[in-house]
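Chemist: requesting a structural model of the entry that follows:
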Amino acid sequence: MSKARIMKMIRIVIVLFLGWCLFIGCEDENIESEPSYYENFWEIKDNPNDPVQHRAFEIYQKYGIPVFLNDTIGKMFVKIDIHGDSIFRYETIDLNWNFTSESYSTPYTHTYIKGTDKCLMALELAAKYLETIPASIYPFSMLLTEKTVRPDMSGGVTSISSGIFFRTLLLSDVLKQNTDVKVEKYINKIMIDVILNKIDDNAVDNFSKVSDPDDYDVKWEELEPDLPENFDPDILTDPDALEEDKKVVRDVLGKYGFVSSYEQLDFDDDWEYVYFDCTPPYPDSDLQGYINEIISVSPEEFERRWGNYPLVMQKYEFIRDYIPMKE
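Modeler: The predicted structure is shown next:
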């Protein structure tokens, strides 16, 4: 082999060796600059100088639930690329995410809450919600927005007041809940939705078969010809009403397996619009009435109120294990 050929091969080996060293050096540098992917972005850190962050931390410290006002919840430096630009990794709340699918489904668009006072108001609503509900139905996390929309079938968008997703409870329209009454109704609706989301389909199906289907969405005066003169379903939620008057109402509702009544807009004999008391319109609304009653009282109080009505207790047995009860 000629001397020139040998020198050429030596040069090739040297180049390959230097390239390998450079590759190893770059790999080492990349490994050292990679972040820890076990960092918990879902842990709320305190910042006493930021009243919003500090309040979110207090809620997290008390309930263990991270509450966010933005769907981008974390940002971490990864490395400098070959152009000298910083590369970051972002952690976001994806409402489409679950264990078995990628995030290619519905695009959600959020309007974030701005301003310290508004943010604090939203966080207080979240704290009130967590204070009200049983710990057994706490969400993994909460996202608070001023408004959240998603596309609809007509090409427009649909607003979402609240939503239950795989690991996030979305509370939108939170700034509209600006009175104690509105907050109470909003929290109660969300709590019922969360429980409905957890109840097994078979239990719901069995529940819906107890009452006669013809007894739904009927005026009480038509269903019960001998309706007592003092029959007034509204007194069931009146803390000042007499117990004997409430029992009169329960005797009527319980006979048909109902624990709640509804108001229906209809015409009277003079063709004027008036509200009539009627049975639940359908089994779903009937189930919501049961959930509302169960979470409002202890098991002992529920049985005291409704234990003498077989249809009520039959429905109760189907769903009681899915609903956290008041102690």
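Chemist: quick one: low-confidence parts of this protein?
Modeler: Along the chain, the parts satisfying pLDDT under 70 run over 1-40, 73-79, 81, 83, 86-91, 97-105, 266-273, 325-327.
Chemist: and the helices in it?
Modeler: For the chain, the helices defined by DSSP state H cover 3-33, 51-63, 116-132, 180-198, 201-208, 220-223, 243-255, 283-296, 299-306, 310-319.
Chemist: and the shortest one, what does it pack against?
Modeler: When you say that, I think you mean helix 220-223. Where contact means 3 or more Cβ pairs under 8 Å, 6 or more residues apart in numbering; DSSP states H and E, helix 220-223 is packed against strand 273-278. Any C-beta I mention is one placed from the backbone N, CA and C, and that applies to glycine too.
Chemist: in JSON lines, list the helices of the chain along with distance to Val274 and mean neighbour count.
Modeler: Below are those laid out as JSON lines (distance: least, Cβ to Cβ, whole Å; neighbours: other Cβ atoms under 10 Å):
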{"stretch": "helix 3-33", "distance to Val274": "73", "mean neighbour count": "10"}
{"stretch": "helix 51-63", "distance to Val274": "45", "mean neighbour count": "17"}
{"stretch": "helix 116-132", "distance to Val274": "34", "mean neighbour count": "17"}
{"stretch": "helix 180-198", "distance to Val274": "24", "mean neighbour count": "16"}
{"stretch": "helix 201-208", "distance to Val274": "30", "mean neighbour count": "14"}
{"stretch": "helix 220-223", "distance to Val274": "12", "mean neighbour count": "16"}
{"stretch": "helix 243-255", "distance to Val274": "20", "mean neighbour count": "16"}
{"stretch": "helix 283-296", "distance to Val274": "21", "mean neighbour count": "19"}
{"stretch": "helix 299-306", "distance to Val274": "29", "mean neighbour count": "16"}
{"stretch": "helix 310-319", "distance to Val274": "29", "mean neighbour count": "19"}
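Chemist: with distance to Ser261 added, can I get the ones you listed in a markdown table?
Modeler: Shown next, in a markdown table, are the helices of the chain (distance: least, Cβ to Cβ, whole Å):
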| stretch | distance to Ser261 |
| --- | --- |
| helix 3-33 | 65 |
| helix 51-63 | 35 |
| helix 116-132 | 24 |
| helix 180-198 | 17 |
| helix 201-208 | 18 |
| helix 220-223 | 7 |
| helix 243-255 | 6 |
| helix 283-296 | 8 |
| helix 299-306 | 14 |
| helix 310-319 | 13 |
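Chemist: out of these, which gets nearest to Thr92?
Modeler: For these, proximity to Thr92 was assessed by Cβ to Cβ; helix 51-63 is nearest, at 17.1 Å.
Chemist: now tell me what touches the closest one from outside.
Modeler: Outside of helix 51-63, the residues within contact range by Cβ atoms under 8 Å, 6 or more residues apart in numbering are 43-48, 65-69, 116, 119-120, 123-124, 126-127, 130, 138.
Chemist: please apply the same query to stretch 307-326.
Modeler: Contacts to stretch 307-326, defined as Cβ under 8 Å, 6+ apart, come from residues 133-134, 136-137, 195, 198-200, 203-204, 206-207, 210-211, 250, 254-259, 287, 290-291, 294-299, 302-303, 306.
Chemist: 6 Å - rerun?
Modeler: 134, 136-137, 195, 198-199, 203, 206-207, 210, 254, 257, 291, 294, 297-299, 306 (Cβ atoms under 6 Å, 6 or more residues apart in numbering).
Chemist: tell me how far Glu146 lies from Ala126.
Modeler: 14 Å (Cβ to Cβ, to the nearest Å).
Chemist: how about Gly163, nearest residue that isn't a chain neighbour?
Modeler: Spatial nearest neighbour of Gly163, chain neighbours left out: Leu170 (4.1 Å); criterion: Cβ to Cβ, 6 or more residues apart in numbering.
Chemist: that neighbour and Leu143 touch, don't they?
Modeler: Yes. Taking contacts as Cβ atoms under 6 Å, Leu170 lies within contact range of Leu143: 5.1 Å.
Chemist: more neighbours, the two?
Modeler: Set Leu170 next to Leu143 and count neighbours by other Cβ atoms under 10 Å: Leu143 wins out with 26 against 23.
Chemist: how near is the more buried one to Asn206?
Modeler: Distance of Leu143 to Asn206, computed by Cβ to Cβ: 34 Å.
Chemist: what does Gln53 give?
Modeler: According to Cβ to Cβ, Gln53 and Asn206 sit 47 Å apart.
Chemist: tally of neighbours for Ser161?
Modeler: Neighbour tally, Ser161, other Cβ under 10 Å: 17.
Chemist: quick one, phi/psi of it?
Modeler: Phi and psi for Ser161, reported as degrees, to the nearest 10, are phi -70, psi -40.
Chemist: name all residues that make contact with it.
Modeler: Neighbours of Ser161 in contact, by Cβ under 6 Å, 6+ apart: Ser172, Asp173.
Chemist: ends of stretch 214-222, how far apart?
Modeler: End-to-end distance for stretch 214-222: 12 Å, by Cα to Cα, to the nearest Å.
Chemist: run through who's touching it.
Modeler: Residues outside stretch 214-222 that contact it (Cβ under 6 Å, 6+ apart) are Leu227, Tyr256, Phe276, Asp277, Cys278, Thr279, Pro281, Tyr282.
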